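Sequence and predicted model, in that order:
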Amino acid sequence: MPPMNKVVNVVIAGLGGQGALKASDIVAGAAFRCGLEVKKSEIHGMSQRGGSVTSDVRFGAEVFSPMVPPGEADFLVVLAPSQVENNRWQLRPGGTLIPPDLAGENTLGSKKCLNVALAGALSVFLDLPQEQWLAAIRANLPEKVHAMNLDAFQKGRQAAARLRR
Amino acid sequence: MQPERMLLSGDEAVAWAARDGHVKLGTGYPGTPSTEILEAFSELGGQAQWSPNEKVALEVAIGAAFAGARAICTMKHVGLNVAADPLFTVAYTGVQGALVIVSADDPGMSSSQNEQDNRRYAVAAGVPMLEPADSQEAYDFTLLAIEISERWQIPVLLRMTTRVCHSYTVVRPRPPVAPPPAAHFERDVAHRVMIPAYARPAHVRLRQKLDAIAQWNETGGPNRVIEGTGARGIITSGISYMHVREADPDAAVLKLGLTHPLPLGAMREFARAHGRTTVVEEGDPYLADAALAAGLAVETKPAMFRFGELNVDRVRRILNGDVSPEAKLPPGKPPELCPGCPHRSVFTALRELGCIVAGDIGCYTLGVLPPFNALDTCVCMGAGITVGLGLRQVLPPEEARRVVSVIGDSTFVHSGITGLVEAVYNPPATGHLTIILDNGTTAMTGMQEHPGTGRSLDHGRAGKVIFEDLVESLGMARPVVIDPTVDTAGFQSLVREALACGGIRVIIARRDCLLATSKIKSYEQALGQEACLAPNE
């Protein structure tokens, strides 16, 4: 993986318990496995009690602040419909929103896989080899849910590919 | 065996360094954002244990360091208030092994009751302080803290912040360091028994050590200069350094790692060389005050940036002197008590009974929010009981009789017990009612064990403090234990009776935290199997 000159900024938003942090672990893990400089930042604590959760992932050749500066997110991945509008300000002009309804929940094995499906959608836009994504998914989830999530990841990729066309 | 490169949180990085630095004992009390340090240290094979509170944790760590071992003690910023008593005097005694005290501050209060800046503690107590800016520095500075502690026989404060604790950044571990000699005891009363005759020279020794460290810090400390291409100089530390590099990539930067005692000579030299120099820091104007007091010509941040966390945008504003009102971000969904949380029944009942509720620190502090609106005070750990007693002491009887204290199980062990002693010793004329909200875990910080669960940090078998016995031993009526979710009407009448009786009463509302139930079951199952395997023990 060649070093990226520009830092890629991803914000993942959702509600406590939806797996937003797990999704950001996977995104960060994929970039880390490519040898990139990676930073990931989130707030724990009170947010665990069903409140809004956001996690920032930044990667590239050199990353300083672990937080995506306001209005500079290249990608905003949102897991809950209620969390789209209140997070839109994070996106830079021309940035990409990956909304919760992109990967139809019904086509997924479980709604618990939505986080991985949307990570799959994100992966279509990022220049990271797919095998690193798959390795990151395996490393971050228990073995018994691997198949279900790898499937969700592919469904997310297909949905995003349709979106791109 | 060492991975070459890891993606670690700041907390995990401290744990790795504790392991690689041969730390013999890790103590602490759970508190966001510090909790994961001891959990990770335990998972890496270190001896880590939760204490009832931070004061106890620090004292246990001091004992270990007196015996020549390396010890680390972790807590959130407000925990250091609880541990301040031993902190100030262990600075005098010094240590024979290493003692690293981690204070995890929470600027912006993501999960805290205040945003105190514990860099002030380093000055007040007279201990050296390191401020890491990312996980690599959290790792490196933990090892450096051990080194400094052993070299000058002094406890060292590792001051972290939420963004450093909970951000994941790349860490490359260092080659192994040498282990210390085995722990052993040497009598040395002049250094360890702080009667005035020994404490007076100990204070002089402390100041001499700090002078020596300050001198070393000028040239040998973990501070560095990043040469700039622009006209501006910036002095900064901790996470602010990261925002600074991004907000003004052209600026020359003096990045301070050891921020007490400060390298004032290096700071003066930097300011002189760079003309216009700005101090950028989160929280209190700690560096700025010290620089100005030393007569350095530096610019400082406008008062509005004392509040909350900094980020790249806010640092740009500081550098531009922009004090225009900041945009209010759209609010997210606030946290709330989980659906089915046992605290819900308690607060519904207290609301219906029209109680004045002195609350405490934990998930149940959320009882203040709608739909319950059932909490009236929350100050610090343990204050639920004692603030309630104070209210009872002065309110007219008809109001005083409505006062109830609520406190969680972990918080009760932390600092509620002395509150009950106060109730027995100075009972209000109208009596008092304390409800222990026992959900079987330290829920707020992520389900840690405590002395009331009977399991240790790693969920193994431990001694168990029985709340009923403890309360009864104080000479009070044995507390009634009730599951508030099963019989809500029964719970309400129990509270009504306790309030009417005019005595000092405790009710234990006991029901496991919904999120912890299955974990508790699996821990107990594992322990049960162990017991079966070793029936004769």
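Thanks, I have the structure now. Numbering: from 1, shown residues only, chains lettered A, B, ... in the order given.

Write out the residues of chain A neighbouring chain B.
Applying CB under 8 Å from any CB of the partner chain, one finds that chain A approaches chain B through A:15-16, A:28-29, A:32, A:37-52, A:54, A:64-67, A:69-70, A:82-83, A:85-87, A:89. Placement of C-beta: from N, CA and C, glycine included.

From those, keep the buried residues only.
Buried members of the residues of chain A next to chain B, scored by 16 or more other CB atoms under 10 Å in any protein chain shown, are A:15-16, A:28-29, A:32, A:37-52, A:54, A:64-67, A:69-70, A:83, A:86-87.

contacting residues around stretch A:22-33?
Stretch A:22-33 has contacts (CB atoms under 8 Å, 6 or more residues apart in numbering or on different chains) with A:8, A:10, A:12, A:38, A:40, A:42, A:55-57, A:59, A:77, A:79, A:115-116, A:118-119, A:122-123, A:128, A:132-133, A:135-137, A:139-141, B:7, B:168, B:170.

give me the low-pLDDT residue ranges for the chain?
Because you didn't say which chain, this covers chain A. Along chain A, segments meeting pLDDT under 70 span A:1-4, A:44-49, A:104-106, A:165.

Not quite, go with chain B.
For chain B (pLDDT under 70), the answer is B:1, B:531-537.

Which parts of it belong to which domain?
When chain B is parsed with automatic domain parsing, its domains come out as B:6-220, B:224-320, B:342-532.

Check whether the last one comes into contact with chain A.
Right, domain B:342-532. Yes: on the criterion CB under 8 Å from any CB, domain B:342-532 is in touch with chain A at B:363, B:366, B:444-446.

so who does residue A:95 touch?
With contact set as CB under 8 Å, 6+ apart, residue A:95 has these partners: A:73-76.

ChimeraX command for the buried members of the residues you listed?
Buried members of those, defined by 16+ other CB under 10 Å, are picked up in ChimeraX with:
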select /A:73,74,75,76
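
What is the burial count for residue 18?
Went with chain A since none was named. 22 (other CB atoms under 10 Å in any protein chain shown).

sorry, should have said chain B
The burial count for residue B:18: 31, using other CB under 10 Å.

Confirm that residue A:56 sits in a strand.
Yes: the assignment for residue A:56 is a strand, going by DSSP: H, G, I helix; E, B strand; the rest coil.

these two touch, right, it and residue A:38?
No: judged on CB atoms under 8 Å, residue A:56 makes no contact with residue A:38 at a distance of 11.1 Å.

In terms of secondary structure, what does the longest helix anywhere in chain A contact?
Longest helix in chain A by number of residues (criterion: DSSP state H): helix A:146-164. For helix A:146-164, the elements it packs on are helix A:114-125, helix A:130-140, judged by 3 or more CB pairs under 8 Å, 6 or more residues apart in numbering or on different chains; DSSP states H and E.

okay, those helices, which one's buried deepest?
helix A:114-125 (a mean of 26; mean count of other CB atoms under 10 Å in any protein chain shown).

helices and strands around it, which ones?
With contacts taken as 3+ CB pairs under 8 Å, 6+ apart, helix A:114-125 sits against strand A:8-15, helix A:20-33, strand A:73-78, strand A:91-98, helix A:130-140, helix A:146-164.

what sits up against that helix?
The contact list for helix A:114-125 (CB under 8 Å, 6+ apart) reads A:10, A:12, A:14, A:18-20, A:22-23, A:26-27, A:30, A:75, A:77-79, A:96, A:98, A:100, A:102-103, A:105, A:108, A:130, A:133, A:137, A:141, A:149, A:152-157, A:159-161, A:163-164.

Would you point out which residue is most central in the chain?
Since no chain was named, I'll use chain A. By CA atoms, centre = their mean, chain A has its centre lying nearest to residue A:119, at 4.4 Å.

Wait, chain B was what I had in mind.
Centre-nearest of chain B using CA atoms, centre = their mean is residue B:76, 1.4 Å out.

Quick check: that residue touching residue B:34?
Yes: using CB under 8 Å, residue B:76 is in contact with residue B:34, at 5.0 Å.

ranges for the helices of the stretch 301-450 of chain B?
Listed in chain order, the helices of the stretch 301-450 of chain B (DSSP state H, counting those that start in this stretch) span B:312-320, B:342-352, B:383-394, B:397-400, B:409-411, B:417-425.

Make a markdown table from these and add mean neighbour count to it.
Shown next, in a markdown table, are the helices of the stretch 301-450 of chain B (neighbours: other CB atoms under 10 Å in any protein chain shown):
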| stretch | mean neighbour count |
| --- | --- |
| helix B:312-320 | 20 |
| helix B:342-352 | 22 |
| helix B:383-394 | 22 |
| helix B:397-400 | 13 |
| helix B:409-411 | 28 |
| helix B:417-425 | 17 |
